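Undergrad: can't give you the sequence, but here's the structure:
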């Protein structure tokens, strides 16, 4: 009844779009092993996430830490989210953790961390956690494929909405 008075959350779309581009094109501050992406088709297609899965797998032997882990997580997670946004019939928007908890207070149970610093949201209350998936992929390997997450978000959620 009072939902018309509910304040719209502040979207973070531009910041995450910028971060997604920085994964591939930031010559002054590249991600670890950025040369991996040379001559690869990173075009924000679902298929490009298979390449991103390969990149993340290549990092597992010597896991990045501290600032490098943050940089890879933010940029790769943003790339995943932008693939979802560009290829889904569902309208997704980026929210930072604080704004996401305003939409759904149950998210507070996660507590703030790198994995939930930016969250994809679609109305009314659907969330996807691309940054958390990057961290899980680095930790667990292929069983936590970023390609699979995006495929479900693009194909699975959109068919349920019809």
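TA: Nice, I can see it. Remember, it's a predicted structure, so these values are computed and weren't measured experimentally.
Undergrad: just the element for the closest residue to residue 103 other than its chain neighbours, please.
TA: Once flanking residues are discounted, residue 103 sits nearest to residue 9: 5.4 Å by CB to CB, 6 or more residues apart in numbering. Where you see a C-beta, it was placed from the backbone N, CA and C, and this is true even at glycine. Assessed by DSSP states H and E, residue 9 sits outside every helix and strand.
Undergrad: residue 9 against residue 119, yeah?
TA: No. Applying CB atoms under 8 Å, one finds residue 9 not in contact with residue 119, separated by 10.5 Å.
Undergrad: looking at these two, which is more packed in?
TA: residue 119 (28 against 16; other CB atoms under 10 Å).
Undergrad: just list whatever residues bridge to that one.
TA: residue 95 (DSSP bridges).
Undergrad: that one and residue 88: what is the separation?
TA: 15 Å (CB to CB, to the nearest Å).
Undergrad: for residue 32, same thing?
TA: 29 Å.
Undergrad: likewise for residue 56?
TA: For residue 56, the distance to residue 88 - CB to CB - is 22 Å.
Undergrad: more neighbours, these two?
TA: Taking other CB under 10 Å, residue 56 and residue 88 do not tie; residue 56 has more neighbours (24 against 21).
Undergrad: so for stretch 55-74, first residue to last residue, what's the gap.
TA: Distance across stretch 55-74, first residue to last, is 15 Å (CA to CA, to the nearest Å).
Undergrad: in that stretch, what's buried?
TA: 55, 56, 59, 64, 69, 71, 72, 73, 74 (16 or more other CB atoms under 10 Å).
Undergrad: in this structure residue 112 contacts residue 101, no?
TA: No. At 9.1 Å, residue 112 does not count as touching residue 101 under the criterion of CB under 8 Å.
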